[in-house]
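*Asks:* Dropping a prediction and its sequence here:
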Amino acid sequence: MALGSPRGGLARQTLLQRLDAAAHEAAPAALGIVLIMLSCLPPLVPGQPGLMPSAGPAAVYFWTLYRPRLMPPVAVFALGLLTDLLSGAPLGVNTLLLLLLHAAVLSQRRVLARQSFLLVWVAFLLLSSLLLSLGWLLRVALAFAILPVMPAVLEFGLTVALYPPLAWLFVRLERTLAVP
């Protein structure tokens, strides 16, 4: 193979360099998996089953907004499916919701990415309220019954309150990914 060929640079990379590059690419989705698994642990408040913040929307929102190449639709689909499986939600509900969030953030990315943290957080609050409302409506439709609203409202509050510390964590990870 000639050095000037398009694959010449790739052939010169060592196995460790390629593994390092793959780890950098997978880090946001892997962190999303860990956060989703943590959010499916026993509840924070004793006697309140299911009262947990949802970390999946925060991960999808942040990475789609700032590094969309590192949060492709396939990763979003996998995070949603994992959330459905671990939380016992109807299969496909969280998958659909996270894919809709991903599409909404991508459509507004050019505007949102240049805003202050406060405006980005307010946009997350608005998108999360739509997302969790739609999720509640889907669950009602699939259960053929009116479900209590208060758990969904509390989940929304916890999810929005959790975004700043998660964003801080994501920014730290993003800075390590930016190092060559």
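*Replies:* Yep, it's here.
*Asks:* low pLDDT regions in this structure?
*Replies:* Counting by pLDDT under 70, the chain has low-confidence residues at 1-11, 43-51, 179-180.
*Asks:* So which bits of the longest helix that the chain contains are buried?
*Replies:* Secondary structure of the chain per DSSP state H: the longest helix is helix 150-178. Under the neighbour-count criterion of 16 or more other C-beta atoms under 10 Å, helix 150-178 has 152, 154-156, 158-160, 162-163, 166-167, 170, 173-174 buried. To be clear about C-beta, it is placed using only N, CA and C from the backbone, and glycine gets the same treatment.
*Asks:* That one packs against which elements?
*Replies:* When contacts are defined as 3 or more C-beta pairs under 8 Å, 6 or more residues apart in numbering; DSSP states H and E, helix 150-178 sits against helix 15-39, helix 55-66, helix 117-143.
*Asks:* what about those, which gets the closest to residue 86?
*Replies:* Checking the helices and strands packed on helix 150-178 against residue 86 by C-beta to C-beta gives helix 15-39 as the closest, at 6.6 Å.
*Asks:* circling back: now do the longest helix of the chain: distance to the chain's middle.
*Replies:* 9 Å (C-alpha atoms, centre = their mean, to the nearest Å).
*Asks:* Ok, stretch 73-90 next?
*Replies:* 10 Å.
*Asks:* who's in contact with that stretch?
*Replies:* By C-beta atoms under 8 Å, 6 or more residues apart in numbering, the surrounding residues in contact with stretch 73-90 are 28-29, 32-33, 36-37, 40, 50, 54, 56, 59-60, 64, 91-99, 101-102, 138-139, 142.
*Asks:* just the buried members of these?
*Replies:* 28-29, 32-33, 36, 40, 54, 56, 59-60, 64, 93-95, 97-99, 101-102, 138.
*Asks:* Check the secondary structure at residue 147 for me.
*Replies:* Here residue 147 is coil, with the state taken from DSSP: H, G, I helix; E, B strand; the rest coil.
*Asks:* Skipping adjacent residues, who's closest to it in space?
*Replies:* residue 140 (5.4 Å; C-beta to C-beta, 6 or more residues apart in numbering).
*Asks:* can you count the residues close to that neighbour?
*Replies:* The tally of other residues near residue 140 (other C-beta atoms under 10 Å) stands at 14.
*Asks:* With residue 16 as the reference, measure out to it.
*Replies:* 51 Å (C-beta to C-beta, to the nearest Å).
*Asks:* do residue 177 as well
*Replies:* Counting by C-beta to C-beta - residue 177 and residue 16 are separated by 17 Å.
*Asks:* Check residue 120 too.
*Replies:* 36 Å.
*Asks:* Looking at those two, which is more packed in?
*Replies:* Just comparing residue 120 and residue 16: by other C-beta under 10 Å the higher neighbour count belongs to residue 120, 19 against 8.
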